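> Take this sequence and fold it.
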Amino acid sequence: MPPARPVRIVVVEDETSTRAGIVAQVRAIPGVEVVAECGDGTEAVEVILEQHPDLVLLDIQLPELTGFEVIEAVGSEQMPPVVFITAFDEFAIRAFETEAVDYLLKPFGQARLARAVSRAVDRLREPTGPLRAAASRAAVASVAATPLERFVVRLGRRIILLPVDGVDWIEVTGNYLKLHCGGHTHLARRTLAETVPRLDPERFMRIHRGLVVNVTRIRAIERQAPAVYRVTLTDGAVLTSSRSYSSAVRGLLV
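Below is the predicted model:
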């Protein structure tokens, strides 16, 4: 039998000296290969999509995008298994609870790193379905309890960060959300079900099964029929609420 190919690893850590140490430690582990190293979240997304590594050692606190946002931007279908790296216990607990392959709590030594990589290699020999499902759960569960401050939108290899307050309204289109921002639109691959609970309820309101509006952008509300309203926004968009969400819209009129 031909020898198994090395496990291809990307190391993502913003501190240069720490990253160099991790890379050196990983290269000392038999059967693995460091194919790239990254210093920020945006670069990590680009490298992961380009290199398709088998495993990512991913710091949670990064410039531009957090480790959790990196997973979200890459997408669960393309995200390889992850070993999280963190200096904070609370992040380590969250990483563990999200079913990442493992987590490394700084400072860690060669033996601890080797165990984490060995565990990941063992799981890579399992069917890929559970690994992909775990990565998907990690992306969702790790951020579900935190307020949404920005949307991470991928345009090819480019990453755009859209502040939530800059969004005028949101509509569902297929498997994406279309974000309307000052006359421009962007697609984010996520669902309303996972998005709405993380939006500020004082600022964003669901007026239809597939529509959410920023209430600060509402210019006029007119009743069209019992429990149905026409909502005009400052960007000129005219939206129609559904009966199921009429009480929310009606609450703006009192």
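> downstream neighbour of the helix or strand bottoming out on mean pLDDT in the chain in the secondary structure list?
One helix or strand of the chain scores below all others by mean pLDDT, DSSP states H and E: helix 128-141, with a mean of 49. Next helix or strand after helix 128-141 toward the C-terminus (DSSP states H and E): strand 150-155.
> in its sheet, what does that following strand sit against?
Here strand 150-155 is paired, per DSSP bridges, with strand 158-163 (antiparallel).
> Going by neighbour count, which residues of the partner strand are buried?
159, 162 (16 or more other Cβ atoms under 10 Å). All C-beta spots, glycine's among them, are computed from the backbone N, C-alpha and C.
> Residues in contact with it: which ones?
42, 45-46, 64-65, 73, 149-154, 179, 181, 186 (Cβ atoms under 8 Å, 6 or more residues apart in numbering).
> Just say helix, strand or coil for the residue nearest the centre of the chain.
With distances taken as Cα atoms, centre = their mean, E72 lies nearest the centre of the chain, 2.1 Å away. Here E72 is helix, with the state taken from DSSP: H, G, I helix; E, B strand; the rest coil.
> isn't it right next to R154, touching?
No - contact criterion Cβ atoms under 8 Å: E72 and R154 do not qualify, at 9.6 Å.
> coming back round to it: of the contacts of strand 158-163, grab the buried ones for ChimeraX.
Selection of buried members from the contacts of strand 158-163 for ChimeraX, criterion 16+ other Cβ under 10 Å:
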select :42,45,46,64,65,73,151,152,153,154,179,181,186
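> Check the contacts of strand 158-163 and tell me the two furthest apart.
Based on Cβ to Cβ, the longest span within these runs between E46 and C181 and measures 23.0 Å.
> circling back to that earlier point, min pLDDT across the contacts of strand 158-163, which one?
Across the contacts of strand 158-163, the bottom pLDDT score, 77, is held by R154.
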